[in-house]
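Undergrad: Got a sequence here, can you build the structure:
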Amino acid sequence: MCVSGTLVTQQPTSIEELGIDFCSSLQKCKEFYIEAAKQILKRFPFDHKDRQALKCLKMLNPEAFLDPEIKKKFPSIADLYYFFRKICPNNITELDREWRMLRNVDLSFVQNRIPDIIDFWKHVHEKWRRISNIPHIM
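TA: Predicted coordinates for the structure are as follows:
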């Protein structure tokens with residue numbers, strides 16, 4: 001509505017109108033996010049080998065490593081070897097064996113706080129050195 005050259009929007013006059021307006025806004029937000037996700041998928045081929053390599057790095061994230069449900073998705077470190085042959089040692093079997101053993105080590109942290117990635121892997125290294133007598137790859 002326009003009053004003397006000024007645009008005035010009509011305000012909802014009842015709770016029902018307010019609720020419908022709010023639901024309409026939520027629906028528009030949802031549609032926006034759905035469309036944004038579709039556009040991202042179009043522009044970035046997530047099934048490409050390089051993208052799969054990035055997904056596989058999630059196993060090194062402390063939050064993923066400490067979460068039992070996420071940890072189940074990465075039973076082996078062999079995927080890293082597939083994508084990063086130049087930085088993995090030649091003896092992938094030994095590395096994979098250590099990985100499987102490490103998954104069973106209690107890596108409790110103070111107050112169940114997840115540390116940053118550097119502190120986490122330093123802690124893992126120290127703990128692993130104390131409990132293990134096998135050659136270290138770290």
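
Undergrad: Show me the protein divided up by domain.
TA: 12-43, 49-131 (automatic domain parsing).

Undergrad: Need the winner for burial among the ones you listed.
TA: Comparing these on average neighbours per residue, with mean count of other CB atoms under 10 Å, the densest one is domain 49-131 at a mean of 13. Every C-beta, even on glycine, is put in place using the N, C-alpha and C of the backbone.

Undergrad: gap between that one and the chain center?
TA: In terms of CA atoms, centre = their mean, to the nearest Å, the gap separating the centre of domain 49-131 from the centre of its chain is 14 Å.

Undergrad: Helix or strand: which one has residue 53?
TA: Taking DSSP states H and E as the definition, one finds residue 53 inside helix 49-56.

Undergrad: Pull that helix out as CSV, backbone CA atoms only.
TA: Written as CSV, here are the backbone C-alpha positions of helix 49-56 (Å, rounded to 0.1, in the frame of the first residue of the first chain):
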residue,chain,number,x,y,z
LYS,A,49,38.8,-38.7,-7.5
ASP,A,50,40.2,-35.6,-6.0
ARG,A,51,37.0,-34.9,-4.1
GLN,A,52,37.0,-38.4,-2.8
ALA,A,53,40.5,-37.9,-1.5
LEU,A,54,39.3,-35.0,0.6
LYS,A,55,36.4,-37.0,2.1
CYS,A,56,38.9,-39.7,3.0
